[in-house]
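> Could you work out the structure for the sequence below:
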Amino acid sequence: MDFAFLSSTMVTLIRALPTTLVLFSLSILFGGMLALLITAMRVSGIRLLSGFARAYIFVFRGSPLLIQMFLVFYGLGQFGVIRYSFLWPFLREPMVCAVLSLALCTAGYTAEIFRGGIRAVPAKEIEAARSVGMSGFLLVRRIIAPIAFRHALPAYSTEIVLMMKSTALASLVTVWEVTGVAQRLISQTYRTMEVFLCAALIYLVLNFLILQAMNLLEYSLSRHRRPFAPGLRA
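Below is the predicted model:
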C-alpha cells in the first residue's frame, strides 16, 4: 500500500473539510429552525396550517434528496420572478442551493421527530403545570419543550448523522466538499480505492464525534433518571 499517496490524499481531503462542516452546520441550523415552525403548524390544531405541514412533510420525506437538490440548483432559475429578483445573486451560488435543499429536506424529517417528542410528553405533567398556573409560552418553555426534546434526542441524533453523510451529495452541484474533492482526485489519479478509503475515514471520524457529543448531551439531560448513589448528597 502506498502510504505516501494515502497521506497526501488525506491532507488534500482535510483541506476541504471546512466546506463540509459549513455545509453541515448551516443545514442543521436552518433545517432545525424550519422544523420548529413546521412542528408548531402540525400540532396547532388549525386545519389549514396542519394540512400545509402534512403536505410539506409528505413531499420532502417522500422524494429523493438528490432530486430535490437538482430542482433547487437547476430549477429555480427557470422562474423569472426569482431570476430577476434580489434573491438570484444568492440562489445562483452552489453552496446556497446545497444548504437550502439540505435544510428543506431535514426539516421534514426533524419536524416529525419533534412531533413524536411532543406526543411523548405525559399528560399528567401538563395537567400539573396548568394546576399551578402555567400556560402558553411558559408551559411550553418549562415543561413541554424540555421533555419533548429529551424524548426526541435519540432519533434526532440519527438524523444529524444522516445529514452529515448527505452533504456528500453537494458535490453533484459543484460544491467542492470532501466527496467532491475525492472525486476530482480520482479523475486525476484513477486510484479509487485509496481515495475513497481516506474520504470514508474522515466521515467516520466526524460521525463518531457527532454521536459522542449527542450522547453527552443526552446524558446531561437525563440526570434525574440516574440511580441515586448511597452516601452522596443530592
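
> Counting neighbours, which bits of the least confident helix or strand in the chain by mean pLDDT end up buried?
Lowest by mean pLDDT, DSSP states H and E among the helices and strands of the chain is helix 136-139, with a mean of 80. Neighbour-count burial for helix 136-139, counted by 16 or more other Cβ atoms under 10 Å, picks out L139. Yep, even glycine has a C-beta here, placed from its N, CA and C like the rest.

> Skip ahead from it and say which helix or strand is next.
Scanning forward in sequence from helix 136-139 by DSSP states H and E, the next helix or strand is helix 145-166.

> What average pLDDT does that following helix get?
Mean pLDDT, helix 145-166: 92.

> Mind naming the longest helix for this structure?
In the chain, assigned by DSSP state H, the helix with the most residues is helix 192-220.

> That one: how far from the chain's middle?
Relative to its chain's centre, helix 192-220 lies at 15 Å (Cα atoms, centre = their mean, to the nearest Å).

> hang on, isn't P154 packed against E218?
Yes: using Cβ atoms under 8 Å, P154 makes contact with E218 at a distance of 7.0 Å.

> picking up where we left off before, tell me the mean pLDDT for the longest helix of the chain?
Rounded mean pLDDT across helix 192-220 is 93.

> Check the gap between the residue nearest to the spatial centre of the chain and I202 for me.
Closest to where the C-alpha atoms of the chain average out (Cα atoms, centre = their mean) is I28, at 3.8 Å. Look at I28 and I202: by Cβ to Cβ, to the nearest Å, they are 18 Å apart.

> and R119, what are its phi and psi?
For R119, the backbone dihedrals (degrees, to the nearest 10) come out as phi -70, psi -20.

> Listing request: residues of the chain with sub-threshold pLDDT.
1, 223-234 (pLDDT under 70).

> hey, where'd the helices end up in this protein?
So, for the chain - with DSSP H - the helices run 3-15, 17-42, 47-62, 65-70, 80-83, 88-91, 94-119, 123-131, 136-139, 145-166, 178-189, 192-220.

> what's next to the third one, contact-wise?
It stands for helix 47-62. Applying Cβ atoms under 8 Å, 6 or more residues apart in numbering, the contact partners of helix 47-62 are 38-39, 41-44, 68, 104-105, 107-109, 111-112.

> Name the member of the residues you listed with the most neighbours.
Most neighbours among the contacts of helix 47-62, by other Cβ atoms under 10 Å: A111, with 27 neighbours.
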